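Colleague: quick check, what structure comes out for this input:
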Amino acid sequence: TQFAVAAAASCTGHAAAVIARNAHQALGAIGFTMEHELHRHANRILSWRSEFGTLASWDAELLATAAATDEVWPLITDGPAV
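Modeller: Numbers count the residues shown, from 1 in each chain. This is a model prediction of the structure:
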C-alpha cells in the first residue's frame, strides 16, 4: 500500500542521513576528500532518498494518514483500512 511505501521511504531516508553522518564522523571527515571513496558512497545514498519523492513529502503523507484516523497504533501495526 501507499502507506507502507511512505513509511519505508521515510524510515530509510532518515536512517541514511544518520548513517552518512556517523560514517563521516567515524573517519574524521576524511570522506569529504577526493582521495577517500566514502564521499562517493555517501553522496549516492543521500541522493537515493529523493529519487521517488522527497523525504518531506513522504513524512507529510504519513502525517496526513495518521491525522485522518483516531487510532494510530492499529495504523502502524495493521496498516490503513482499505
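Colleague: most distant residue from the centre of this protein?
Modeller: Going by C-alpha atoms, centre = their mean, the residue of the chain most distant from its centre is E35, 27.9 Å out.
Colleague: that one - that's part of a helix, no?
Modeller: No. Counting by DSSP: H, G, I helix; E, B strand; the rest coil, E35 is not part of a helix but coil.
Colleague: report pLDDT for it.
Modeller: Looking at E35, its pLDDT is 70.
Colleague: that one and A8: what is the separation?
Modeller: E35 is 35 Å from A8, where distance means C-beta to C-beta, to the nearest Å. Quick note: C-beta positions are derived from backbone N, CA and C, even for glycine.
Colleague: number of residues surrounding W58?
Modeller: 23 (other C-beta atoms under 10 Å).
Colleague: and it, that one's in a helix?
Modeller: Yes. Assessed with three-state DSSP, W58 lies in a helix.
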